[in-house]
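S.K.: Can you look at this prediction? I've put the sequence above it.
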Amino acid sequence: MGKRPARFVHKPWGHEEIFAETDRYAGKFLVVKSGECLSLQYHEKKEETLRVLEGRVIFETGVEPSSLECVELGPGEVFHIPPGLIHRMIAVTDCTLVEVSTADLDDVVRLSDRYGREGTSDP
């Protein structure tokens, strides 16, 4: 309750700054380096909405890994990810996004990952 520091989680693609974490919701900033990407993944329960603050990012999404659609987003644009939607973010430029989600931060099923984390929920 009250004032508390943000929690930083270093990632191979940049870092997360978790500024809100309760039993009902979470909020974090994602800072992704140009050319880097998050894993191809989905969530069983977690629901999230992301807003691009700076830079440009490509979202690959779909219900099957073999038929993903791409959409490029820039500052001010928003993307919603319901449970079960396969997705990956690729940074076109250095970018910062804000994510609000349900509290299920460890709910990640990695289908592929350029950093060798597939099949895990490792940072």
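M.R.: Looks like it came in fine.
S.K.: and residue 60, what is it in contact with?
M.R.: By CB atoms under 8 Å, 6 or more residues apart in numbering, the residues touching residue 60 are 40, 68-70, 87-90. (Each C-beta comes from the backbone N, C-alpha and C, glycine too.)
S.K.: and it, that one's in a helix?
M.R.: No. Under DSSP: H, G, I helix; E, B strand; the rest coil, residue 60 sits outside any helix and is assigned strand.
S.K.: Including pLDDT, could the contacts of residue 60 go into TSV?
M.R.: Shown next, in TSV, are the contacts of residue 60 (pLDDT from 0 to 100):
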residue	pLDDT
40	96
68	96
69	97
70	97
87	97
88	97
89	97
90	98
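S.K.: Restricted to buried residues, select the residues you listed in PyMOL.
M.R.: Buried residues among the contacts of residue 60 (16 or more other CB atoms under 10 Å), as a PyMOL selection:
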select buried, resi 40+87+88+89+90
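S.K.: Strands - which of the contacts of residue 60 land there?
M.R.: 40, 69-70, 87-90 (DSSP state E).
S.K.: Going by distance to residue 107, which of those residues wins?
M.R.: residue 87 (13.3 Å; CB to CB).
S.K.: what's near enough to touch the closest one?
M.R.: 40-42, 59-61, 81.
S.K.: again, 10 Å this time
M.R.: 38-43, 48, 50, 59-62, 68, 79, 81 (CB atoms under 10 Å, 6 or more residues apart in numbering).
S.K.: Check residue 99 too.
M.R.: 16, 18, 26-30, 48-51, 79, 81, 105.
S.K.: can I get these in a markdown table with pLDDT, distance to residue 7 and neighbour count?
M.R.: Listed next are the contacts of residue 99 as a markdown table, based on pLDDT from 0 to 100; distance: CB to CB, whole Å; neighbours: other CB atoms under 10 Å:
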| residue | pLDDT | distance to residue 7 | neighbour count |
| --- | --- | --- | --- |
| 16 | 97 | 8 | 21 |
| 18 | 97 | 4 | 15 |
| 26 | 97 | 10 | 19 |
| 27 | 98 | 11 | 15 |
| 28 | 98 | 9 | 23 |
| 29 | 98 | 11 | 17 |
| 30 | 98 | 13 | 23 |
| 48 | 98 | 17 | 20 |
| 49 | 98 | 20 | 13 |
| 50 | 98 | 18 | 22 |
| 51 | 98 | 20 | 15 |
| 79 | 97 | 23 | 18 |
| 81 | 98 | 21 | 21 |
| 105 | 94 | 10 | 18 |
